[in-house]
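**Student:** the sequence and its predicted three-dimensional model are supplied below.
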Amino acid sequence: MDKKLKKYFNFMTSSKSKNNMERILALLVPLVAVVLALLVSSLLLLFIKVSPIKAYSYLIFDNFTSIYKISEVFAKAAPIIMTGLAFTFAYKAGLFNIGGEGQMFMGAVAAVFVGLHSTNLNPFIAVTLSLIAAIIAGGIWGAIPGLLKAFFNASEIITTIMMNYIAIYFVSLMVDKPLREASGFYPQTDLISNTAFLPILLKNTRFHLGIIIAIVFAIVIYIVIKKTPFGYKLRAVGYNSQSAEYAGINIKTNMMIALAISGALAGIAGFTEINGIHHRLLDNFSSGVGFDGIAASLLGRGNPIGVIISALLLGMLKTGASAMQRGVGVPANVVSIIQALIIIFVLSGNILLPKIELYFANKGGRI
Amino acid sequence: MAITNILTVTFLVALLSAALRMSVPILFSALGGMFSERSGVVNIGLEGIMLMGALFGVVGSYYSGNHWVGILVAMISGMLMALLFAYITITIKIDQIVSGIAINMLAVGLTSFLYRALFGITTVPIKVDSFHPVRIPLLADIPIIGPIMFNQTVLVYIALLLVPITSFLLFKTMWGLKVRSVGEHPKAADTVGINVIKIRYTGVLISGALAGIGGAFLSLGQFNMFVDNMVSGRGFIAVAAIIFGKWKPKGILIASLIFGVADALQIRLQAAGVGIPYQLLLMLPYIITIIALTGLVGYNKPPNSLGKPYYKQ
């Protein structure tokens, strides 16, 4: 065996470099998945006789043509980061929170309610109160499926989905009757007081403070999950609930807390959307962000930092999609197809990873 | 409008007739989903598969001018979507719930993309050949029950007939026994020579075929058009109906009917103008689903290996 091969062999087998190998593959899988998803979707573009190269150049590169457009990517990513964290957090405890959408809607209702009544407040207090209200509302909306799961063993998957629909109609009710704008013309609320606006950090863009808040929350959640005893318990329940119970962890309480926190995180997405972007509540504002969060979480492989990166990617696809629609007339909803394909390819990649590693290891071993 | 005016025979007949009609899409999908779940695969992709069925029912009916072709095309589209779902869950072994979410997302994007690609951006929904009620002579003349049950579209009768048929398939045939044993204990089933993978694929494909028809019933038998996201949770409600119905056809029928009543009641009350905000009424089916899931109607035990991938040693 010559030196070079020996080195290669060591690289493949030593635990430290194996870690590196894993890391490289961990980055490679999402990248390959994105490329594959774009390739498969290009068949659809060919079907409607649009050049995929032209379409994708709008989809991807149009985002970098101005500071405004780059800021839009961040503005779109902010709520996705939050709903992504929401899915991730529950997932760590072995739970599926598919209710991010509804929890975000409820968070938005609460944030708007505070925003409408904070005319005489100091901006710092108004924004903080809005945030807290969104956290509480989202938290309650997440806690209900948690309670139903803990006490009635009701599948949180279905209950959180049902809660989405209930929240959507609740928002529709709020803007139709009690919170309808003073003029009563449209089914929407009045603008919230500008004391509750999230400050814009880049002039003439929509790059607002909520984006920073979302990133801070991602870091906090990362630390909570990875470095605290609570995070450890959470993961223990998610990994093997039976042995966690044996080790003295109360599973029911843990499940409820996990879903409540998860809901609270999604609720914050409602806050960033209302106080940072729309400044009022309207029917179907930011619809679909709850599901984008699930995509971001899966793409980020359950790592909060990965969620930030994935949310930025999805934000890019979303802003790029409107450019693509204007430029070559491709319906913007192609993006949800791309998104679904990315999920499928990432997860297939994750599952095939050990096999790929094994293949490389065997190859190294045979030499 | 006073509540006494609502409780008239005419109102009740109209309500129950609509309830039966509205339970049909859920019934189709849930009966299909039952086979998938009995074989050990949770299919929350039913929502997306129904959406595909709703679109392709319209597509098939539009290009052929015949609603039966629409149903066939819807069924095939449902099976294709289910095949993808089966491949990623059974063969690649991606988590079934996550796969289901991906299937739903894919269907939302694909259906609204294809609708625009095929029919352009229209303000008026395209018209297709759709199902009309078929009045069964004599039976339809029975007071109260007649107009409720025997003045429906053919698909309603087919859905009702499917209840005993699926029951027979699942509990009285060798194949049904195989499906159930794969869902309970795949390893044991494998040991006695049952092809676990094949049975699961079949279960999922049946769920795709029936959910496709269920979706097409929405677009061809109820709304007479395709609208983005028109399934709006009925696929998830079907999954709930399977749980509520304890993985048995008769239970699923009852569950579907309850959701149908909630749905019909919501529309009727809205039309009657009872003074309750219509959004609260729209929430009704979803709230009932949640209540149903709390198991207040008795403890439901799912098949033992439900949701778990099978690894052949």
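**Tutor:** Noted; the coordinates are in hand.
**Student:** can we go C-alpha only for contacts and neighbour counts from here?
**Tutor:** OK.
**Student:** close to chain A: what parts of the stretch 201-313 of chain B are there?
**Tutor:** For the stretch 201-313 of chain B, the contact set with chain A under CA under 8 Å from any CA of the partner chain comprises B:233, B:236, B:239-240, B:277, B:279-280, B:282-283, B:286-287, B:289-290, B:293-295.
**Student:** write the ChimeraX selection for whichever of those are buried.
**Tutor:** Only the buried entries of those go into this ChimeraX selection, using 16 or more other CA atoms under 10 Å in any protein chain shown:
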select /B:233,236,239,240,279,280,282,283,286,287,289,290,293,294,295
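**Student:** out of the residues of the stretch 201-313 of chain B next to chain A, who's nearest residue B:268?
**Tutor:** Using CA to CA, residue B:282 comes nearest to residue B:268 of these, at 11.0 Å.
**Student:** that closest one is in what secondary structure piece?
**Tutor:** Counting by DSSP states H and E, the element that carries residue B:282 is helix B:278-293.
**Student:** what's next to that helix, contact-wise?
**Tutor:** Contact with helix B:278-293 is made by A:154-155, A:158-159, A:162-163, A:165-166, A:169-170, A:172-173, B:237, B:240-241, B:243-244, B:259, B:262-263, B:266-267, B:269-270, as judged by CA atoms under 8 Å, 6 or more residues apart in numbering or on different chains.
**Student:** now do it, average pLDDT.
**Tutor:** Helix B:278-293 shows an average pLDDT of 89 in the prediction.
**Student:** equivalent analysis for stretch B:176-193, please.
**Tutor:** Averaged over stretch B:176-193, pLDDT sits at 93.
**Student:** flag every buried residue along that stretch.
**Tutor:** Buried residues in stretch B:176-193, defined by neighbour count with 16+ other CA under 10 Å: B:176, B:178-187, B:189.
**Student:** save those residues as TSV, and put in distance to chain A and secondary structure too.
**Tutor:** Below are those laid out as TSV (distance: CA to the nearest CA, whole Å; DSSP: H, G, I helix; E, B strand; the rest coil):
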residue	distance to chain A	secondary structure
B:176	26	helix
B:178	26	helix
B:179	23	helix
B:180	22	helix
B:181	23	helix
B:182	22	helix
B:183	18	helix
B:184	19	helix
B:185	20	coil
B:186	21	helix
B:187	21	helix
B:189	25	helix
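**Student:** tell me which of the contacts of helix B:278-293 fall in strands.
**Tutor:** Per DSSP state E, strands hold no members of the contacts of helix B:278-293.
**Student:** buried subset of those?
**Tutor:** Neighbour counting with 16+ other CA under 10 Å marks A:154-155, A:158-159, A:162-163, A:165-166, A:169-170, A:172-173, B:237, B:240-241, B:243-244, B:259, B:262-263, B:266-267, B:269-270 as buried within the contacts of helix B:278-293.
**Student:** please, where are all the strands along chain B?
**Tutor:** B:134-135, B:151-152.
**Student:** looking at those strands, which is nearest to chain A?
**Tutor:** Nearest to chain A, of all the strands of chain B, is strand B:151-152, at 29.0 Å by CA to the nearest CA.
**Student:** one step back: and the buried residues of stretch B:176-193, which two are the farthest apart?
**Tutor:** B:176 and B:187 (17.0 Å).
**Student:** before we move on, the earlier item: most packed of the strands of chain B?
**Tutor:** Highest mean neighbour count among those (mean count of other CA atoms under 10 Å in any protein chain shown): strand B:151-152, with a mean of 22.
**Student:** what sits up against that one?
**Tutor:** Strand B:151-152 is contacted from outside by B:21, B:132-136, B:140, using CA under 8 Å, 6+ apart.
**Student:** and if you look at stretch A:163-182?
**Tutor:** Contacts of stretch A:163-182 (CA under 8 Å, 6+ apart): A:99-103, A:105-106, A:109, A:141, A:186-190, A:281-284, B:233, B:277, B:279-280, B:282-283, B:286-287.
**Student:** now swap in stretch B:100-110 and tell me
**Tutor:** For stretch B:100-110, the surrounding residues in contact (CA under 8 Å, 6+ apart) are A:333-341, A:343-344, B:43-49, B:51-52, B:81, B:85, B:228-229.
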